[in-house]
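*Asks:* Predicted model follows, preceded by the sequence.
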Amino acid sequence: MTPKPCPFCGSYELKYQIGIAGKEGIPAKIMCTKCSCTGPQVYLSEWKELSCKEDELPERALQHWNSRSPYNYWPS
């Protein structure tokens, strides 16, 4: 799956982040390295709404990044 550009700055400089495990599970998200915009978190957990299996985590984070509304970014 190809990532969409950042909706705020238009950058394609994105990175995948995994957080520290908490009550909800292990969080993961996509983040723009230019403006620090982040997509929704997905969780490695059995019971959270946005949960998934470990091998699905990066792909699921990217799906949620790409599923946002159309861009707020206006190219110059």
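*Replies:* Done, it's in. Numbering: from 1, shown residues only.
*Asks:* rest of the way, CA atoms for contacts and neighbours
*Replies:* Noted.
*Asks:* all helices of this protein, in order?
*Replies:* Taking DSSP state H as the test, the helices found in the chain are 57-66.
*Asks:* relative to helix 57-66, how tilted is the longest strand seen in the chain?
*Replies:* Counting residues, the longest strand found in the chain (DSSP state E) is strand 26-32. For strand 26-32 against helix 57-66, the angle by axes from the mean of the first three to the mean of the last three C-alpha atoms, to 10 degrees is 50 degrees.
*Asks:* Begin at 437, not 1, for the rest of this chat.
*Replies:* Sure, I'll start counting at 437 from here, so that last one is strand 462-468.
*Asks:* Phi first, then psi, for F444.
*Replies:* phi -100, psi -40 (degrees, to the nearest 10).
*Asks:* With the one 3 residues further on instead?
*Replies:* Backbone torsions for S447, taken as degrees, to the nearest 10, come to phi -70, psi 150.
*Asks:* so how many other residues sit close to it?
*Replies:* 15 (other C-alpha atoms under 10 Å).
*Asks:* go on, M467?
*Replies:* Neighbourhood size, M467 [other C-alpha under 10 Å]: 21.
*Asks:* which strands and helices sit next to the longest strand of the chain?
*Replies:* If you count contacts as 3 or more C-alpha pairs under 8 Å, 6 or more residues apart in numbering; DSSP states H and E, strand 462-468 packs onto strand 450-454, strand 478-480, helix 493-502.
*Asks:* Buried deepest among those, which one?
*Replies:* Mean neighbours per residue, mean count of other C-alpha atoms under 10 Å, is largest over the helices and strands packed on strand 462-468 for strand 478-480, with a mean of 25.
*Asks:* hmm, back to that, closest one to K440 among the helices and strands packed on strand 462-468?
*Replies:* Closest approach to K440 among those (C-alpha to C-alpha): helix 493-502, 5.7 Å.
*Asks:* quick check, distance from the closest one to the centre of its chain.
*Replies:* Centroid displacement of helix 493-502 relative to its chain, using C-alpha atoms, centre = their mean, to the nearest Å, is 5 Å.
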